[in-house]
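Trainee: Got a predicted structure here, sequence first:
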Amino acid sequence: MSAVAPREPRDSSRPVVVVPRVPSASLASDLRAIKVVWHRELLRFVKDRPRLIAGLAQPVLYLFVMGTGLSAMVPSTSGVPFRTFLFPGVLCMAILFSCFFSAGSLVWDRELGFMREMMVAPVRRGAILLGKCLGGTTVGTIQGMILMVIGAIGGVPMSLELVVTIFLELLVICFAITAFGLALAAHVRSIQAFMALMQMVLLPMFFASGALYPLSGLPAWLEVLTRLDPLSYAVAPLRHAVLGASGKAALAPMVTWGSFVVPIWLDLVVIAAYALVALAVARRRFAREDA
Amino acid sequence: MPPETAEPRRAIVVRGLEKRYADVHAVRGIDFEVRAGEVFGFLGPNGAGKSTTISILCTLASPTAGSATVAGHDVVRERDDVRRNIGLVFQETTLDDYLTAHRNLVFHGELYGVPKAVLGERIEQVMTMVGLWDRRDSVVATFSGGMKRRLEIARGLVHAPNVLFLDEPTIGLDPQTRSSIWAYIRELRARHQITVFLTTHYMDEAENCDRIAIIDAGRIVAEGAPESLKAAVGKDRVQVRTADDDVAIVALKEKLGVDARVHDGAITFAVASGEEFVPRLFAELPIAIRSVSVARPSLDDVFLSFTGTTMRDAAARPGEARARR
């Protein structure tokens, strides 16, 4: 008769069990979810030192090796040394990789199974996505600011105004790039596919952005591409700010639509608009996904 | 939202539940109820529809037809209410290997909106319960499979769910860990009045449940307490060792009307109620009895009697519903 093992008797000497009451969904609970997802991204970044080093190695290489090598050929661009001209482009590249890598955590989480833990929680999928996006924004901005220090060491003129401007611009730009990455990540199932897709998207985005050369006097087809490239609208404000610290802001190449010169604020509006579209695309895919 | 019912009498109610995938009819219309506070097991071979059913109950898949309520909330219409009231432990780990055990649980508590004032204490409690409080600051990647499963059970309890779902909770674990997992499940039931719904394809584990449903090929073939299911099969197996087996067999036939044969060196026969039969055995047999053993029918016998096949053969059946997600 004893196939069923004896039940353990209740032990009244044990302390009273804490039984939390979980409140219904609210704005506060969504904000809390966003915050904890964001916090996890930061923890993962802080613990992943190789990622930080790898994320900075490539820009440093571009800045000091390519920048130095090319300055022999191009002594001055837009009125500043080539390395100073190149710096905003390198900054862009650094955050581009960093933010895409952050977005890739969506795919990693899925492969490692952790995604399920988030997908089954009583929170909106949008909150999870937003937390991820803010995580990528923070990590990208931190890496961008570290690169500012490296730039200063490399002789790029700095000022407090420049640091503040770059910081604020990076927040918007990193948010947009991470949103872009998330839109991609939401559509792929394996990390290999994401990496391949990332290569396919990143390099063209980078080369068409004016990060390496001014976007003027280009053939018409390339001009159209550069104007569609969201990164163009990231490079222009960053470069405007960097050249501004050398007193050469007026010489900074701007994005033009025909004869219309796009002002810095509009660059940032375009970037933000791209970000919202990307986030909406990611959310749409993510919301339909089964856990 | 309806007023919160602290302890719904029926934790799970399933009516005419069906799930059809493009090419597979994974669940073919099942009905069952789970009472609040009981340990309910879903027993069946791989591919029988267990995981599909648990996915629907956990709001991870939507039913093709039929309905289900969990903790008083409809799994389709009140998804988030269901989610707040259930804890989930999947077959595959869903922990963040790179974070510490404690961090994983904090993440969960925050995500589920556990009030900050009690979160710390609650985490300590559930981690202590599974014996991992001392390892709270270890990175999960350093944990063994058994520790990870225990941590996942603890995590599933952080937000004090009414119903805990365990999908094959002891699969791939060593016997010692399996029995400790079962100790936690019993403790949950006894101390926290939690309803536990689990799936398993281990017969011996299903024995630990208060009630089980046996599922095969997308249908429930039997439901009830393990003991009563086995009783329904009917006969207990009695084995007797005597001084003279030939005499005993003849006596069994003539005095008690039982057909017995020697099997594994003992006289073996089946009767409806073995324990009640034993005293008659001593009264009627004319020779000395050395030993008597009475064996209940196993759940394997139950499965066999309801499906006409053993669970192992059922799992190996070709063309069977294998879709799990």
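Mentor: Structure's in. What do you need?

Trainee: How is the residue most central in space within chain B assigned, secondary-structure-wise?
Mentor: Computing the C-alpha centroid of chain B and ranking residues by Cα atoms, centre = their mean puts residue B:41 first, at 2.9 Å. Secondary structure assignment for residue B:41 (DSSP: H, G, I helix; E, B strand; the rest coil): strand.

Trainee: low-confidence ranges in the stretch 1-150 of chain B?
Mentor: For the stretch 1-150 of chain B, the stretches flagged by pLDDT under 70 are B:1-8.

Trainee: residue ranges for the strands of it, please.
Mentor: Here the stretch 1-150 of chain B has its strands, by DSSP state E, counting those that start in this stretch, at B:10-20, B:25-35, B:39-43, B:65-70, B:73-74, B:86-89.

Trainee: Stretch B:231-251 and chain A, any residue contact?
Mentor: No: Stretch B:231-251 lies out of reach of chain A by Cβ under 8 Å from any Cβ of the partner chain, never closer than 10.9 Å. Any C-beta I mention is one placed from the backbone N, CA and C, and that applies to glycine too.

Trainee: Equivalent analysis for stretch B:33-46, please.
Mentor: No: Stretch B:33-46 stays clear of chain A (Cβ under 8 Å from any Cβ), getting no nearer than 10.0 Å.

Trainee: Could you do stretch B:140-151 as well?
Mentor: No: shown here: stretch B:140-151 not in contact with chain A (Cβ under 8 Å from any Cβ), separated by at least 10.1 Å.

Trainee: and that stretch, how far apart are its ends?
Mentor: 9 Å (Cα to Cα, to the nearest Å).

Trainee: Just give me how far that stretch sits from the chain centre.
Mentor: In terms of Cα atoms, centre = their mean, to the nearest Å, the gap separating the centre of stretch B:140-151 from the centre of its chain is 22 Å.

Trainee: Flag every buried residue along it.
Mentor: With burial defined by 16 or more other Cβ atoms under 10 Å in any protein chain shown, the residues of stretch B:140-151 counted as buried are B:140, B:143, B:146-151.

Trainee: what about residue B:191, how many neighbours?
Mentor: As a burial measure, residue B:191 scores 14 neighbours (other Cβ atoms under 10 Å in any protein chain shown).

Trainee: all helices in the chain, in order from the N-terminus.
Mentor: Since you didn't name a chain, this refers to chain A. Applying DSSP state H to chain A gives helices spanning A:27-47, A:49-61, A:67-73, A:82-112, A:114-119, A:125-153, A:160-185, A:191-207, A:220-228, A:232-245, A:264-288.

Trainee: Chain B, not that one
Mentor: Under DSSP H, chain B gives helices at B:50-57, B:79-85, B:101-111, B:116-129, B:145-157, B:175-192, B:203-206, B:226-233, B:245-251, B:274-284, B:299-307, B:311-316.

Trainee: which helices and strands sit right next to the fifth one?
Mentor: Under the contact definition 3 or more Cβ pairs under 8 Å, 6 or more residues apart in numbering or on different chains; DSSP states H and E, helix B:145-157 sits against strand B:86-89, helix B:101-111, helix B:116-129, strand B:163-167, helix B:175-192.

Trainee: where does the stretch 201-325 of chain B come near chain A, residue by residue?
Mentor: So far as Cβ under 8 Å from any Cβ goes, the stretch 201-325 of chain B lies against chain A at B:207-208, B:226-227, B:275, B:296, B:325.

Trainee: weakest of the helices of chain A by average pLDDT?
Mentor: Among the helices of chain A, helix A:67-73 carries the lowest mean pLDDT, at a mean of 78.

Trainee: helices or strands up against that one?
Mentor: helix A:82-112.

Trainee: how far does the helix it packs on sit from the chain's center?
Mentor: For helix A:82-112, the distance from its own C-alpha centre to the chain's C-alpha centre is 6 Å (Cα atoms, centre = their mean).

Trainee: returning to what we had before: possible to save the helices and strands packed on helix B:145-157 as a markdown table with distance to residue A:140?
Mentor: Converted to a markdown table, the helices and strands packed on helix B:145-157 look like this (distance: least, Cβ to Cβ, whole Å):
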| stretch | distance to residue A:140 |
| --- | --- |
| strand B:86-89 | 33 |
| helix B:101-111 | 22 |
| helix B:116-129 | 29 |
| strand B:163-167 | 38 |
| helix B:175-192 | 42 |
